[in-house]
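A.B. asks: Provided below are the primary sequence and the corresponding predicted coordinates.
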Amino acid sequence: MGNAINLEVCKKCVDAHTAIVTLSGEMDMYTSPQAKEAMLELLAQGYYHLVVNLQGTEYLDSTALGVLVGTLKRVREQVGDLRLVAPTPRIRRLLEITRLINVFSIDATEQEATDKFQQEGNES
Amino acid sequence: METSSGCHVELHLPNRPEFFAVARLAVSAVACRMSYDIDAIEDIKVAVGEACTNAIEHGCPPGPGAQEIIVCCDLTDEGLEITVKDPGEGFDPSTAARQHRHGTAVLTERGLGMLLIESLMDNVHFDSIPGSGTQVRMMKRLRVLENESA
């Protein structure tokens, strides 16, 4: 049984430090390592401003939340950030229950997220 | 439609995470036979997935001589009662949940599963005896619509 059956992970680099990771499908204990690996690869390449698009994420569990939190900690260590884009109402509810809604920045679109990274870059 | 109350469905799964989707789908199919709305069915799916994850994380890891995770569904007039059992080493259920109740672990990578189960389901019980495995029992009550109860 291949991981690709349940989760598709796409990476797109926007500029020297910003990248978008799109997670489509189901993120659970079985598939989350794929997403973790993709984000760690980006970090190793110096992408500390990560946009994670959850628009197509149909299911997400605590393991997946753990991967997002772990990645957030790592990018913040490098003075970067991780922004979530378009979580479904179901996923937003899980973020609220776990209070991670207060930890992650959430945007409606990828453009909005990358614009905010650019603004922050200009201000610093 | 004839009531399914009193029916029992039991699923025996290898303790491997690639089978969690099977458990979620099977239990949501059972829940669909009851009058839950889509949000309640999604709650049940997440809770079952978390209970299975919990089974592997706490003492029943995949590997040689792999053991089974057993998911039981009991359909009652009150709602769907789900039990997820594993024969693993067990854990202390009070520790992770307490962290969250006291608000000390907002930026944590672990322990979120129990919080989700307790938040999404009714009447949750974690029974874990060191060396004798863990059993998570949880109920999702059927909400009676106001116009039906009038």
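C.D. replies: On my side now, so go ahead. Since the structure is predicted, the reported quantities are computational estimates derived from the model, not experimental observations. Residues are numbered from 1 along each chain as shown, chains lettered A, B, ... in the order given.
A.B. asks: Put the alpha carbons of the longest strand along chain A into CSV.
C.D. replies: As assigned by DSSP state E, the longest strand anywhere in chain A is strand A:18-27. The C-alpha trace of strand A:18-27 is given here as CSV (Å, rounded to 0.1, in the frame of the first residue of the first chain):
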residue,chain,number,x,y,z
THR,A,18,9.6,31.2,1.1
ALA,A,19,8.0,28.0,0.0
ILE,A,20,4.5,26.6,-0.3
VAL,A,21,3.6,23.1,0.7
THR,A,22,0.2,21.8,-0.5
LEU,A,23,-1.2,18.9,1.4
SER,A,24,-4.1,17.1,-0.3
GLY,A,25,-5.9,14.1,1.1
GLU,A,26,-5.8,12.5,4.5
MET,A,27,-3.0,13.3,7.0
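A.B. asks: Partner strands of that strand, with direction?
C.D. replies: strand A:7-13 (antiparallel), strand A:49-53 (parallel), strand A:57-60 (parallel) (DSSP bridges).
A.B. asks: Could you say which one of those strands comes nearest to residue A:73?
C.D. replies: strand A:49-53 (12.1 Å; Cβ to Cβ). All C-beta atoms are positioned from the backbone trio N, CA, C, and that covers glycine.
A.B. asks: Give the rounded mean pLDDT of that closest one.
C.D. replies: Strand A:49-53 comes out with an average pLDDT of 98.
A.B. asks: now it: how far from the chain's centre is it?
C.D. replies: 5 Å (Cα atoms, centre = their mean, to the nearest Å).
A.B. asks: Work out for me the element the residue nearest the centre of chain B sits within.
C.D. replies: Among the residues of chain B, the one closest to the centroid is residue B:48, at 3.5 Å (Cα atoms, centre = their mean). For residue B:48, the host element (DSSP states H and E) is helix B:38-57.
A.B. asks: Now that helix: buried residues?
C.D. replies: B:40-57 (16 or more other Cβ atoms under 10 Å in any protein chain shown).
A.B. asks: what do you get for stretch B:22-35?
C.D. replies: Quick answer for stretch B:22-35 (16+ other Cβ under 10 Å): B:23, B:24, B:26, B:27, B:28, B:30, B:31, B:34.
A.B. asks: List just the nearest of these to chain A.
C.D. replies: Nearest to chain A out of those is residue B:24 (Cβ to the nearest Cβ; 7.6 Å).
A.B. asks: can you pull the contacts of the residue lying closest to the closest one once chain neighbours are set aside?
C.D. replies: Spatial nearest neighbour of residue B:24, chain neighbours left out: residue B:45 (4.6 Å); criterion: Cβ to Cβ, 6 or more residues apart in numbering or on different chains. Residues counted as contacts of residue B:45 (Cβ atoms under 8 Å, 6 or more residues apart in numbering or on different chains) are A:59, B:24, B:27, B:28.
A.B. asks: Of those residues, which is the nearest to residue B:82?
C.D. replies: Using Cβ to Cβ, those come closest to residue B:82 at residue B:27, 6.4 Å.
A.B. asks: Do I have it right that that closest one meets residue B:74?
C.D. replies: No. With contact defined as Cβ atoms under 8 Å, residue B:27 does not count as touching residue B:74 (11.5 Å).
A.B. asks: Which neighbours do the two have in common?
C.D. replies: What both residue B:27 and residue B:74 touch, as defined by Cβ under 8 Å, 6+ apart, is the set residue B:82.
A.B. asks: May I see the buried residues of the host helix or strand of residue A:119?
C.D. replies: Assessed by DSSP H and E, residue A:119 sits inside helix A:110-123. Under the neighbour-count criterion of 16+ other Cβ under 10 Å, helix A:110-123 has A:110, A:113, A:114, A:116, A:117 buried.
A.B. asks: Could you list every helix and strand in contact with that helix?
C.D. replies: strand A:18-27, strand A:49-53, strand A:81-85, strand A:105-107 (3 or more Cβ pairs under 8 Å, 6 or more residues apart in numbering or on different chains; DSSP states H and E).
A.B. asks: Save the buried residues of stretch B:22-35 as JSON lines, and put in pLDDT and secondary structure too.
C.D. replies: Formatted as JSON lines, the buried residues of stretch B:22-35 follow (pLDDT from 0 to 100; DSSP: H, G, I helix; E, B strand; the rest coil):
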{"residue": "B:23", "pLDDT": "97", "secondary structure": "helix"}
{"residue": "B:24", "pLDDT": "96", "secondary structure": "helix"}
{"residue": "B:26", "pLDDT": "97", "secondary structure": "helix"}
{"residue": "B:27", "pLDDT": "97", "secondary structure": "helix"}
{"residue": "B:28", "pLDDT": "96", "secondary structure": "helix"}
{"residue": "B:30", "pLDDT": "96", "secondary structure": "helix"}
{"residue": "B:31", "pLDDT": "96", "secondary structure": "helix"}
{"residue": "B:34", "pLDDT": "93", "secondary structure": "coil"}
